[in-house]
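Participant: 3D model of this:
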Amino acid sequence: MIVKPMIRNNICMNAHPAGCRENVRRQIAYVREQGPFEGPKNVVVIGASGGYGLASRIVAAFGAGAKTIGVSFETPAKGSRTASAGWYQDQAFREEAEKAGLVHRSFIGDAFSHETKSQVVEAVKELMGQADLVVYSLASGVRVDPDTGEMYRSSLKPIGKRYESVSLDGKSGELKPAAIDPATDEEIEQTVKVMGGEDWNLWIDAFEDAGVLADNAITLAYSYIGPDITFPLYRDGTIGRAKEHLEETARTLDRRMRERGGHAWVSVNKALVTRASSVIPAVPLYLAILYRVMKEMNLHEGTIEQMYRLMNDRIYSQLADGATVPVDEEDRIRMDDWEMRDDVQTAVRTAWDSVNEENLAQLADLEGFQRDFLQIHGFDFDSVDYEADIEV
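Facilitator: Okay, the predicted model is just below:
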């Protein structure tokens with residue numbers, strides 16, 4: 001069939017298999033261009049099929065030669081409906097890892113369940129013996145408690161007062177008003193249950209109980225802080241409460257793991273176009289403006305550039321030299337350091353305060369935002385023939 005993007009409300013409902021394969025290949029090519037580095041050797045990535053999780057797996061495998069296990073929850077094609085982008089990207093990773101002679105295994109399943117954790121533990125024993133890096137990069141809107149069976153749903157809402165702003169329609173390029181009512185106490189609690197650190201802690205518990213976590217192991221989870229423009233909805237909202245819980249979990253885990261020479265950190269990463277960020281009011285417009293500013297300053301990075309810099313520059317080169325991994329006052333690794341530079345944020349704020357329909361094209365990188373949005377679903381790659389009949 002011929003596959004064209006189906007977009008509704010900043011959500012792409014389908015994916016292109018050849019484009020998803022190209023997305024993975026380009027990330028691998030970038031890592032190979034940078035050259036190998038001394039990094040982790042036995043890696044588990046929870047949430048490995050897209051975004052920062054996929055990039056982490058690619059950097060570990062093709063940069064450090066690591067054996068990798070990836071966990072993700074994706075949907076295969078059914079009838080005329082394509083598979084999810086993550087399904088195709090996981091498939092592409094496995095194909096490329098096979099060609100490169102890299103040891104790998106992928107699990108498609110519910111990462112919140114005890115069953116998936118048990119299966120991954122057994123795979124670690126079989127393939128690796130012990131894991132020396134566990135990346136927790138799960139992005140899910142729903143979680144079922146593995147003990148009680150209760151279902152929790154996350155909410156993207158402000159806390160305390162109604163949020164009003166302007167948002168960018170990624171498909172049309174139009175600016176539209178956006179407003180969201182404040183969250184209830186229950187919505188806050190459920191969001192923390194889904195997106196906080198509870199499940200991350202359960203994964204580390206499962207690894208430690210089974211003896212498959214190396215003494216010097218590192219575990220990472222990813223977060224975002226952002227500027228005051230998005231604070232009311234993001235950092236000061238329901239998601240922010242969940243991220244605070246995630247960061248507190250990191251500090252608790254770090255105290256535990258340091259006793260055996262290991263570490264647990266949250267890495268605060270740069271704002272990028274993802275399936276999640278595209279539907280958060282104000283964030284698409286902020287991203288489009290940020291892209292223009294950072295590209296003009298030669299500071300722009302995608303997921304793969306961020307993860308290579310994180311693993312090589314910030315963590316493993318430091319550890320190899322006997323140095324301390326640099327963290328902020330909250331013990332977080334700050335990979336958003338370029339985004340949050342004063343000159344970058346000043347330029348973003350100036351554009352934000354004056355942007356309108358007439359000057360949007362001059363003040364924001366609308367084309368770059370739209371291209372990134374399409375490419376995370378496998379569309380808009382020059383090297384892919386989108387008029388070709390393809391097996392989905």
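
Participant: Can you list the neighbours in contact with the lengthiest helix in the chain?
Facilitator: Counting residues, the longest helix in the chain under DSSP state H turns out to be helix 238-258. Around helix 238-258, the neighbours that count as contacts under C-beta atoms under 8 Å, 6 or more residues apart in numbering are 154-159, 183, 187-188, 191-192, 194-198, 200-201, 204, 217, 219, 221, 223-225, 231, 234-235, 263-266, 330-332. Where C-beta positions appear, they are placed from N, C-alpha and C, glycine not excepted.

Participant: from the chain's centre, how far out does that helix sit?
Facilitator: Chain-centre distance of helix 238-258: 17 Å, with C-alpha atoms, centre = their mean, to the nearest Å.

Participant: Can you classify His214 as helix, strand or coil?
Facilitator: His isn't right for residue 214; it's Ala. strand (DSSP: H, G, I helix; E, B strand; the rest coil).

Participant: I figured it was touching Lys41, is that so?
Facilitator: No: if you go by C-beta atoms under 8 Å, Ala214 and Lys41 don't touch, sitting 9.2 Å apart.

Participant: Between these two, tell me which one has more neighbours.
Facilitator: Ala214 (21 against 17; other C-beta atoms under 10 Å).

Participant: how far away is that one from Thr82?
Facilitator: 39 Å (C-beta to C-beta, to the nearest Å).

Participant: and what of Met195?
Facilitator: Counting by C-beta to C-beta - Met195 and Thr82 are separated by 27 Å.

Participant: And for Glu387?
Facilitator: Taken as C-beta to C-beta, the span from Glu387 to Thr82 is 16 Å.

Participant: same thing with Val31?
Facilitator: 27 Å.

Participant: ditto for Asp365
Facilitator: With C-beta to C-beta as the criterion, Asp365 and Thr82 are 28 Å apart.

Participant: For these two, indicate the residue with more neighbours.
Facilitator: Thr82 (25 against 21).

Participant: on that earlier part again, pull out the buried residues from the contacts of helix 238-258.
Facilitator: Taking 16 or more other C-beta atoms under 10 Å as the criterion, what is buried in these is 154-159, 183, 187-188, 191-192, 194-198, 200-201, 204, 217, 219, 221, 223-225, 234-235, 263-266, 332.

Participant: In helices, which of those residues fall?
Facilitator: Glu187, Ile188, Thr191, Val192, Val194, Met195, Glu198, Trp200, Asn201, Ile204.

Participant: Need the pLDDT of the last one.
Facilitator: According to the predicted model, the pLDDT of Ile204 comes to 98.

Participant: Also the first one?
Facilitator: The predicted local confidence for Glu187 comes out at a pLDDT of 97.

Participant: Pretty sure it sits against Pro158.
Facilitator: No: at 10.8 Å, Glu187 does not count as touching Pro158 under the criterion of C-beta under 8 Å.

Participant: can you give me the helices for the stretch 1-150 of the chain?
Facilitator: Counting by DSSP state H, counting those that start in this stretch, one finds helices in the stretch 1-150 of the chain at the ranges 17-34, 51-58, 64, 85-99, 114-127.

Participant: Identify whichever of the ones you listed lies nearest to Lys270.
Facilitator: When the helices of the stretch 1-150 of the chain are ranked by distance to Lys270, counting by C-beta to C-beta, first place goes to helix 51-58 at 9.7 Å.

Participant: tell me how far the closest one is from the chain's mean position?
Facilitator: Its chain's average C-alpha position is 7 Å from that of helix 51-58, according to C-alpha atoms, centre = their mean.

Participant: quick one, it and helix 85-99 angle?
Facilitator: Relative orientation of helix 51-58 and helix 85-99, computed by axes from the mean of the first three to the mean of the last three C-alpha atoms, to 10 degrees: 10 degrees.

Participant: can you dump the C-alpha coordinates of helix 51-58 into CSV?
Facilitator: The C-alpha coordinates for helix 51-58 follow below in CSV (Å, rounded to 0.1, in the frame of the first residue of the first chain):
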residue,chain,number,x,y,z
GLY,A,51,13.0,9.2,21.2
TYR,A,52,15.8,9.3,23.8
GLY,A,53,15.4,5.6,24.6
LEU,A,54,16.1,4.4,21.1
ALA,A,55,18.9,6.9,20.8
SER,A,56,20.4,5.6,24.0
ARG,A,57,20.3,2.0,22.7
ILE,A,58,21.9,3.0,19.4
